[in-house]
Every structure is written in C-alpha cells, then in structure tokens.
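> take a look and give me a structure for this.
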Amino acid sequence: MRSLYLSLLLAAAVHGIPAEQVVIGDVLVDDFSQVTNKIHDVVAGVKHVAHNAVKHSKETVTQWLDAFGRTMILQNGITYELVQNPAFDEHQLRVTEPDLCDPKVKQYSGYLDIAEDKHLFFWFFEARNDPDNAPLLLWLNGGPGCSSSTGLLFELGPCAVAEDGANVTYNEHSWNANANVIFLDQPVDVGFSYADEGTSVNTSPVAGKDVHAFLELFLGRFSKYADAPFHIAAESYGGTYAPNIASVIHTENKALAAARSLDVAAPGLLHINLASVILGNGLTDPYIQHASVPDWACEGPYPVYDDPNGPECQALRSKVPTCQRLVKSCYDFNSRLTCVPAILYCNSQIMGPLVQLGLNPYDVRKKCDREKDGDLCYKQMSWIETWMNQPAVKRTLGVDSSRNFESCNMQVNQAFAMQGDGAHNSALLLPPLVEDGIRLLVYAGNADMMCNFIGNERWVEQLDTRFQKEFVAKKAAPWVTTETGVLAGTVRSAGGNDETAGNITFVTVHEAGHMVPYDQPEAGLDLVTRWLFDIPLTLNASEAATRVPFVGRA
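Next up is the predicted model:
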C-alpha cells in the first residue's frame, strides 16, 4: 500500500481527521424513538446489498506491448491501456479514449483498480481552450452515493442529457471551457464504479486515499497535466469528501517533500500541485449548518413557512439544541455510537418536516412530484441512467456490458450514514491547508434547502485561520458576470488585497438552488473561471474581461 510505503521511508506521517455529513435519502424517521429500529433496518439492507454485489470478472486477460511501447490488455472484450506504478503495487489504471459528449476535445476514461476488488470509474475531458496551459480540476458529486456523471451530464460537463435520455446536447457553458476536467465516480458502487462481493468503502478518509492513488497514477501517465495547478471541486456531500481528499493529498505532499529533503528515494511518486478546494452547496460542519436550517426556512429569501414566529418555525427551532448536543458528542467522541444517532435525529427532526412539504428540497422555488420527477425531484436523473446504460456508450467508455449505471446509490448513502461519517466536522481539515497557501472557495445557491447558504457562510466565518478576522470584517460585495454583466450574487473574500480571488472566499449565488451550474450556467462558468485564474469576483464585467484568458464560453 502506498501510504505504508512512504511511512516506512519516513517512519512517521500526519493523518487526517475523519469527516462529515449525509443527504437525507431514506434515513428519515418520524420520531427519535424509532432510531434504534431504523438502525437495524438500514444495517440489514446494507448487508443484503453487499451479499448481492456483482463479482469482478475473473476471465482471462490478454496483455501485450503496442507499437508505442504501451502495455495493452484485452478484458471483457474491451481494449485498455494498462498503467502501473511501482509505488502503488495494489493499484492500476485501465484507460480507453472515448469520443462521446464533446468529440472535439481529447478524452480518457476507464478504471482505477484497487487491490483487484475495487474499481473506480473516471472520465476526463481536455479544455476546449489551450489545454496545454489550462489548470486541472477534479469534480465530485455528493450523496454520498451519487455519480459524478450526474454533474457531467446535468450540470457542468461538455454535454447535457436530453430527449428522455435518447441524446445529449452541447453545453456552451461547460467548465472544461478553460480547464482540463476529471469526473470521478467514488466511492465504489457509485455510477459505473464497482466492488467485489463483501468489499465496500463507507468512510470519507478511506475514499480520500483511493482518490490520491488515482491522481498519482493518472498524472504519472499523463504528465502534461502534472505541473498544472490542481483544484478539487465538489458538491453537496462533496463538502465532506473534498476536505478529506485534499487533506490526504496535502499530507502526502509534505511526506514526499520530507523524504526528498532527507534524500530518501521515493520512486514513482509525484508532488500533486494542489492549488485550491472548491465546495458548492456542501455539507461540511453539521453543528453549525443544522442550526441554520430554521433561519433559512423561516426568514431566508425563500421562506417555506408564512410566519417566522408561527408554530412550525417554533417547533423547528426547538429541535436545534438536541441536534447540536448530539453532533457535539460525535465531535468529542468520534464513534458510531455517538455519530449515528446525531445523523438520524438531525435529519429526521430538522430536515424531515421540510422535505414533506411537497417542495423540491434542492430548489424550493419548485414543487416536487416524485411520481413524475423521481425521488430526487429531477427527471433528468433517470434520463442519465437511460443514456449511460446504452451498450454503445458503455463499450466506448470502457465499461463492461454487464454493469448497470445508477445516478445515485442509496445503499452507499446508508452505509456512510451507519458509520456516522456524516456527523463529523470536515471543516477541521481545512485550516492547515489554507495556512499553507491552498485557497478555499465556498459557494451556495440561495434557493437550496438541503445545504443552505446561511449555514455555509457561517461555518466559513468561524474557520480558524489567519484570514478569519479579515473575512468576518468583510462586507458582501456584488458580483457581476464577465460575459453579460448580469448581477449573479454577492462575494466575501479575505486575502489577496482585492487583487486576487482571495485565500478564503464565500459566494452567494442568486436564483440558484443546490446545483448552481444547472440553475445559473453562465454564472457558474464565470465563477469557476475567475477562481481558477485568481481573478477577483468584485471586478466589473469590463475589468474582468481584460484579465480572463478566454472570454466566457468556448
């Protein structure tokens, strides 16, 4: 294992703190007295899923060297390039070159194989503009249990699913306009990722180590991207995933630097040029964020109750002290016995009544008819499944025909919940990164009820870094888009003396829900482009246009 490998070289390593949070899924209960029964039900369901997991194919694999000296394999009727690294003897990449979605740009897809029993699917797109000099961005969806392909085909990718899943259309506001973008399905059993029977990943720290190994192999093979600034962008439960992944990368970078300073050999290992962490409508600090729910629901820009002092709002507020007490116990003792009850109580007693209002919890400006719109209130989720499960699409992406794609896997969601993963405070992982120069962007659409902007802004305010006082003193400033000059939201930023995008920046996106790139595509692209190229969001459109390397969209 690579972590053990480097630890033996150094004799010591710094380890990250386990992380945080969960979407509602079907972990809701109507009464806290039902929590024990719910735990038994969920655990039984997870065991059933593990028992019925699809086994990894053991059929014969043919291997050879091609004319360019690359190791090639034929497996399940699909030809891959095989990528290996002596520092990661339990990991390998299987890579194909698809031409779907955006055939004008270079693409790679395939699998990271981990110890022969875990397999993570990825899909990479080069930038439409100047890919040789573009930054590298990793995109992760949340859930936990939702595929990054939902972000790719529904939010920010080069194409968008259309016509009930029969087709895709060109997305002019794709985030690969100015960045090389990796979409990764993690943990295993999400999207096209899979595991052998009895194998699972159900905590964010473990998932973070797998992602680090993927990046080492990917960048080792495709070295043209290795020196580019690297950014981790994640949504929803990505507010938990991304800090854990970033912490692993940061720790491993420091361990590698220490090894090199002692002239200790570390063959095959790369310094990953981690530049920033980007969290969109994330779940990061549950103690603060759960407490913000009544404020958002009763007094926010889209209140779901008519009277902020009415019985519904009073009842909602009355649940906050118990929720925070349970979450605090999880923070203090870091055990399943304290963390699982916190998740179940806070989700059922605070979020539960809101989800039952018939509104789309990810965008309360809309109603949700789950019979028509699906369990997650967006019919496009089923469209994505239709398109991804086409045999021709699977083969082109290097996916075995027996694999079945699901946009979101609720069994993975439950497995994380029953480990208490979603009640930890992943915000604690961020200050060491920020202090070492890794920038932090947190953005949130103001119509999202699941991970509301009020709670997100509050935890950023309380982040204990050298920029905290400056951030707290900073007033929100207007942000207008570069392309059309539309007022898209407000921004608060600390660090950079208003000459850069900042070291810690929080953005409220107006008229957007949980999925900002879907609701406000122009604003989403403007936001990420300015951040990646360190351009202040406070600049007006004409000033920003002179500094953006490529104007708006491709």
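> residue 311: neighbouring residues, count only.
By other CB atoms under 10 Å, 9 other residues sit near residue 311. Bear in mind the C-beta positions are built from the backbone N, C-alpha and C, glycine included.
> how close does it get to residue 298?
Plainly put, residue 311 is 11 Å away from residue 298 if you go by CB to CB, to the nearest Å.
> and the longest helix along the chain, what's buried?
In the chain, with assignment by DSSP state H, the single longest helix is helix 238-261. By 16 or more other CB atoms under 10 Å, the buried positions in helix 238-261 come out as 238-256, 258-259.
> hmm, who's touching stretch 97-109?
Defining contact as CB atoms under 8 Å, 6 or more residues apart in numbering, one finds that stretch 97-109 is touched by 95-96, 121-128, 131, 152-153, 157-159, 168, 170, 174, 176, 222, 393, 396-398.
> out of these, which are inside strands?
Those of those mapping onto strands are 95, 96, 121, 122, 123, 124, 125, 159, 168, 170, per DSSP state E.
> so where is the stretch 301-450 of the chain shaky, pLDDT-wise?
Across the stretch 301-450 of the chain, nothing is flagged by pLDDT under 70.
> quick one: the strands in it?
Along the stretch 301-450 of the chain, the segments classed as strands by DSSP state E, counting those that start in this stretch run 439-445.
> still on that earlier bit, who are the packing partners of whichever helix or strand comes after the longest helix of the chain?
Reading on from helix 238-261 to the C-terminus, the next helix or strand found by DSSP states H and E is strand 274-280. Packing partners of strand 274-280 (3 or more CB pairs under 8 Å, 6 or more residues apart in numbering; DSSP states H and E): strand 230-235, helix 238-261, helix 430-435, strand 439-445, helix 521-532.
> pLDDT (mean, whole number) over strand 274-280?
Across strand 274-280, the average pLDDT comes to 98.
> residues contacting the very next helix or strand once past it, please?
Next helix or strand after strand 274-280 toward the C-terminus (DSSP H and E): helix 286-299. In this structure, residues lying in contact with helix 286-299 by CB under 8 Å, 6+ apart are 20-21, 283, 303-305, 308, 312-313, 316-317, 320, 323-324, 327-328, 331, 342, 346, 350-351, 354, 422-425, 449, 451-456, 458-459, 462.
> just the CA atoms of stretch 171-180, as PDB, please.
Provided in PDB are the C-alpha atoms of stretch 171-180 (Å, rounded to 0.1, in the frame of the first residue of the first chain):
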ATOM      1  CA  ASN A 171     -23.100  22.600 -23.300                       C
ATOM      2  CA  GLU A 172     -21.700  26.000 -24.200                       C
ATOM      3  CA  HIS A 173     -21.100  26.800 -20.500                       C
ATOM      4  CA  SER A 174     -19.200  23.600 -19.700                       C
ATOM      5  CA  TRP A 175     -16.400  24.000 -17.100                       C
ATOM      6  CA  ASN A 176     -14.000  22.400 -19.500                       C
ATOM      7  CA  ALA A 177     -14.100  25.600 -21.500                       C
ATOM      8  CA  ASN A 178     -10.900  26.700 -19.700                       C
ATOM      9  CA  ALA A 179      -9.900  23.700 -17.500                       C
ATOM     10  CA  ASN A 180      -9.000  20.100 -18.000                       C
END
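> could you list the buried residues of it?
Buried residues in stretch 171-180 (16+ other CB under 10 Å): 171, 173, 174, 175, 176, 177, 178, 179, 180.
> is it possible to get JSON lines of the helices and strands packed on strand 274-280 that adds distance to residue 272?
Supplementary listing: these in JSON lines, determined by distance: least, CB to CB, whole Å:
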{"stretch": "strand 230-235", "distance to residue 272": "6"}
{"stretch": "helix 238-261", "distance to residue 272": "5"}
{"stretch": "helix 430-435", "distance to residue 272": "13"}
{"stretch": "strand 439-445", "distance to residue 272": "15"}
{"stretch": "helix 521-532", "distance to residue 272": "16"}
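> residue 195: which of those is closest?
Minimum separation from residue 195 across these (CB to CB) falls at helix 238-261, 17.4 Å.
> elements contacting that closest one?
Applying 3+ CB pairs under 8 Å, 6+ apart, one finds that helix 238-261 makes contact with helix 2-10, strand 136-140, helix 204-221, strand 230-235, strand 274-280, helix 430-435.
> pLDDT weak spots in the stretch 51-200 of the chain?
51-59, 198-200.
> any chance you could map the strands in it?
With DSSP E, counting those that start in this stretch as the criterion, the stretch 51-200 of the chain has strands at 62-65, 71-75, 78-84, 91-96, 107-114, 118-125, 136-140, 159-162, 167-170, 180-184, 194-195.
> what lines up beside the fifth one in the sheet?
The reference is to strand 107-114. strand 91-96 (antiparallel), strand 118-125 (antiparallel) (DSSP bridges).
> give me the buried positions along stretch 434-450.
434, 438-450.
> now do the end-to-end distance for it.
One end of stretch 434-450 to the other measures 26 Å (CA to CA, to the nearest Å).
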